[in-house]
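S.K.: Build me a model:
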Amino acid sequence: MKHVFIVDPKAFRDQQWKMENLLDNIGQYFRTQERPDFSTLFSHYPRDAIRLIQKQVDEVEPFETVRVYAIGGDDILFDCLNGIAGLPSMELAIAPYGFTNSFIRAFGEKKADQFKDIVTLIDADTIPTDMIQVGNMYALNGCSVGLTPANAIKLRNFRGKLSGGISQYVIGVWYLLYKLTSLFNREVIAHNYAITIDGEDYSGNYSQINIVNAPYYDRQNALAGALPDDGLLDVVLFKSVSPLATSMSINKYLRGRKLPSNCIRLQARKIEIKSDKPIYIQTDTEFLVDTSITFEVVPGTVQVVAVNNLVYQGF
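M.R.: Predicted coordinates for the structure are as follows:
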C-alpha cells in the first residue's frame, strides 16, 4: 500500500509546531517499517491536491492500493475526494486540523481527536461511503442551493474587491447588512425552481434547498438521521415564506433536530434543479453559479478510513 499525506499548511495558521510534530510522527512511524512507501506533500492552492494525487497514482503499480490522507479542514478534504474519485484501489483518510471539519463529525461528537493519531489512522480499516456527484465534481458532506450560498458568494466577491488594510470588523458589518437586505430580495428567498426529484416534480418557489450526505455542516447541524453510507441523499426544501419567517426558519433548522413547518424532507438518489435565472450553489466548500444543476448519489464508492472501528451516526 502507498500512503500519500496531503497537508494544507493554511490549516495550521500560527501553530506551525503542530504541523512539524505531525510530520515527525509520520516519519518516525515509517522509519520502523521494513518497506516504507509514503509521500508527504503540501497543497498550496485550490485543486492543487488533485494534481499531487494523480502524480502519485501514476507512480504505483496497477491496482495497488493508495491511501490518501487529507490533513487539514474541509477544503483539503474536498480536493482529496475529487483527486481520488473514479480511480481504482483508492482510500481516503481524514486528519481533522482545519477551522471547520464537518464530515468527521458523522462518526460522533468528540471523536475527531481519534483521527489525529497517525499510527491509528494508518492501521485502521475503511467504510464504503457514498458521495454526491455534482456535474464534474464530487462532494462528501453536503450541498446547498439558494440563500446561504448566495450570501457566501457575495461575501467572497466582496473580499476579492477589497484592497489591503480593510479590517475584519468592517467586512463583518458589511456582511451582516447584506444578509439582512438579502432577506427582502424576492429573487433569492422566493426563487422559482423547476425541480425533479427521482422523477417526481417538486417545482415551486423556495428560499433554499439542501442536499446532504452527512448529519453536520460547517460547525452546525445539517440534518438529523442523515447517514453517508445508506445509498441515499437527504433533501430539505425550504418553501418560500416572509423575510422574517425565512430567517427564523433557517436558524431553527441549524439549531435543532426538528424541521420548521415550511420545510419538506425526503430521501432521493437524483435531484435536478433548473431556473431561468442564476442559481447559487455550494458543494461542500466549492461555490458556483449556473442555471441548471444535478445532484446524484454515488453509493459506496469511497473507502473512508474509520479509526477504532467507529461507524457513522446520524445524531
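
S.K.: The stretch 151-300 of the chain: helices as residue ranges?
M.R.: 168-182, 186-189, 243-255 (DSSP state H, counting those that start in this stretch).

S.K.: what mean pLDDT does the first one have?
M.R.: Helix 168-182 shows a mean pLDDT of 67 in the predicted model.

S.K.: Same question for the second one.
M.R.: Within the predicted structure, the mean pLDDT of helix 186-189 is 80.

S.K.: Check the last one too.
M.R.: Averaged over helix 243-255, pLDDT sits at 80.

S.K.: And for the chain, the residue most distant from the center?
M.R.: residue 34 (36.3 Å; CA atoms, centre = their mean).

S.K.: how close does that one get to residue 279?
M.R.: Computed as CB to CB, to the nearest Å, the residue 34 to residue 279 distance reads 54 Å. Every C-beta, even on glycine, is put in place using the N, C-alpha and C of the backbone.

S.K.: do the same with residue 66
M.R.: 35 Å.

S.K.: Residue 81: what's it in contact with?
M.R.: Neighbouring residues of residue 81 by CB atoms under 8 Å, 6 or more residues apart in numbering: 70, 92, 131, 138-140, 284, 302.

S.K.: Quick one: low-confidence residue ranges for this protein.
M.R.: Scanning the chain for pLDDT under 70 picks out the ranges 158-175, 178-179, 218-222, 256-257, 315.

S.K.: Name the nearest residue to residue 212, sequence neighbours excluded.
M.R.: residue 142 (3.8 Å; CB to CB, 6 or more residues apart in numbering).

S.K.: That neighbour - how many residues pack around it?
M.R.: By other CB atoms under 10 Å, 27 other residues sit near residue 142.

S.K.: correct me, but it touches residue 284?
M.R.: Yes. Between residue 142 and residue 284 there is a contact under CB atoms under 8 Å: 7.0 Å.

S.K.: about what we covered before: next, format the contacts of residue 81 as a markdown table and append secondary structure and distance to residue 46.
M.R.: A markdown table is the format used below for the contacts of residue 81 (DSSP: H, G, I helix; E, B strand; the rest coil; distance: CB to CB, whole Å):
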| residue | secondary structure | distance to residue 46 |
| --- | --- | --- |
| 70 | strand | 14 |
| 92 | strand | 18 |
| 131 | strand | 19 |
| 138 | strand | 15 |
| 139 | strand | 15 |
| 140 | coil | 16 |
| 284 | coil | 12 |
| 302 | strand | 20 |
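
S.K.: Out of those, grab the one that's most surrounded.
M.R.: residue 70 (33 neighbours).

S.K.: Return the residues in contact with it.
M.R.: Counted by CB under 8 Å, 6+ apart, residue 70 has contacts 6, 49, 76-77, 79-81, 92-95.

S.K.: Please apply the same query to residue 114.
M.R.: Contacts of residue 114 (CB under 8 Å, 6+ apart): 120, 307-308, 310.

S.K.: likewise residue 308?
M.R.: Contacts of residue 308 (CB under 8 Å, 6+ apart): 114, 120, 124.

S.K.: Looking at the contacts of residue 114, which are in helices?
M.R.: Using DSSP state H, the subset of the contacts of residue 114 located in helices is residue 120.

S.K.: Out of the contacts of residue 114, which comes closest to residue 289?
M.R.: Within the contacts of residue 114, proximity to residue 289 (CB to CB) peaks at residue 310, which comes in at 37.1 Å.

S.K.: before we move on, back to that, is it possible to get CSV of the contacts of residue 308 that adds distance to residue 216?
M.R.: Compiled in CSV, the contacts of residue 308 are given as follows (distance: CB to CB, whole Å):
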residue, distance to residue 216
114, 16
120, 22
124, 21
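
S.K.: what residues are up against residue 213?
M.R.: 130-132, 139-142, 226, 228, 233-234, 297.

S.K.: Now do the phi/psi pair for the residue nearest the centre of the chain.
M.R.: The centroid of the chain falls nearest to residue 284 when counting by CA atoms, centre = their mean (3.0 Å). When read as degrees, to the nearest 10, the backbone of residue 284 gives phi 50, psi -110.

S.K.: nearest to residue 194, of the contacts of residue 81?
M.R.: Once CB to CB is applied, the member of those that ends up nearest residue 194 is residue 139, at 21.8 Å.

S.K.: what is the closest one paired to in the beta sheet?
M.R.: For residue 139, the beta-bridge partners are residue 132 (DSSP bridges).

S.K.: any idea how far residue 287 is from it?
M.R.: Going from residue 139 to residue 287 by CB to CB gives 12 Å.

S.K.: Strands along the stretch 201-315 of the chain, start to end?
M.R.: For the stretch 201-315 of the chain, the strands defined by DSSP state E, counting those that start in this stretch occupy 204-212, 216-217, 220-221, 233-239, 263-268, 270-283, 286-306.

S.K.: could I get those as a markdown table with distance to residue 154?
M.R.: Formatted as a markdown table, these follow (distance: least, CB to CB, whole Å):
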| stretch | distance to residue 154 |
| --- | --- |
| strand 204-212 | 15 |
| strand 216-217 | 19 |
| strand 220-221 | 20 |
| strand 233-239 | 19 |
| strand 263-268 | 24 |
| strand 270-283 | 9 |
| strand 286-306 | 10 |
